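Asks: Sequence and predicted structure, then a few things I'm wondering about:
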Amino acid sequence: MSKDEPEPRVSTKVIGITGGIGSGKSTVSQFIEENGYAVYYSDQRAKDIVNDDPQLKEKITELLGVHAYDGTGAYDRKYVAAAVFADEALLHQLNGLIHPAVKTDFQKWADAQEAPLVFKETALLFELKLNESCYKSLLVTADDNCRLKRVMDRDDKTYREVEAIMLQQMPEKDKVKLADYVIYNNGTLEELRQQTEQTLKEMIGI
């Protein structure tokens, strides 16, 4: 290769980060960012996209009606949640609109990255089989009692409310079997940071 030819681009590897409610996956993602790596937050981007993508807004309105967006044009989460709560088919249709839009958004983001290793945080990594398009997967998990207490304290929810959410999610034991890397977040914040940095060291050599 001559000195005038551009350097070939290094293929970017995507690590999927996931974890059930109260596991600490967002905290681990923040620690990873602090170590200089780019993280795509799928759940947050989904919240932005349903408000910012005109075509998606039109499709959601067609599916759920004009009340899916309030008078200011903002996505009405409470209305939508109530509409799909007892209708699994409707929820599946809604996800069928949102998930492809997020996938497209992520690909644009990933294509713009120049680092050899980037991360994608998503709650439904295994449920939607998104891990199949990732190079490796990282699960952040914790004992059920730890997760329950964290969410109760953080979101001011009752034990039963948090338990109901947890029961809707894939069991942690099943996620552990699918994950390439596992961080157990049952201790202090500093212990979690140390685990994250140790896992990053292991990943650098992949």
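Replies: That came in fine, so what should we check first?
Asks: could you pull out the helices for this protein?
Replies: Counting by DSSP state H, one finds helices in the chain at the ranges 25-34, 42-52, 54-64, 77-84, 88-111, 144-155, 159-168, 172-178, 189-204.
Asks: now, of these, which is deepest in the fold?
Replies: When neighbours are counted by mean count of other Cβ atoms under 10 Å, the highest per-stretch mean among those falls to helix 25-34, a mean of 19. Heads up, the C-betas are built off the backbone N, CA and C, glycines and all.
Asks: what's the nearest residue to K47 once chain neighbours are set aside in contact with, if anything?
Replies: If the residues on either side of it in the chain are set aside, K47 comes closest to Y75, at 7.7 Å by Cβ to Cβ, 6 or more residues apart in numbering. Listed by Cβ atoms under 8 Å, 6 or more residues apart in numbering, the contact set of Y75 reads 47, 50-51, 57, 60, 68-69.
Asks: out of the residues you listed, who's nearest L189?
Replies: Of all the contacts of Y75, the one sitting nearest L189 is K47; the distance, using Cβ to Cβ, is 25.5 Å.
Asks: From A101, how far out is the closest one?
Replies: 12 Å (Cβ to Cβ, to the nearest Å).
Asks: Of all the helices of the chain, which one is nearest L117?
Replies: Ranking those by their distance to L117 (criterion: Cβ to Cβ) puts helix 189-204 first, at 6.8 Å.
Asks: helices and strands of this structure: which one bottoms out on pLDDT?
Replies: Taking mean pLDDT, DSSP states H and E as the measure, the helix or strand of the chain with the lowest value is helix 159-168, at a mean of 88.
Asks: how many degrees apart are it and helix 144-155 in direction?
Replies: On the basis of axes from the mean of the first three to the mean of the last three Cα atoms, to 10 degrees, helix 159-168 is oriented at 120 degrees to helix 144-155.
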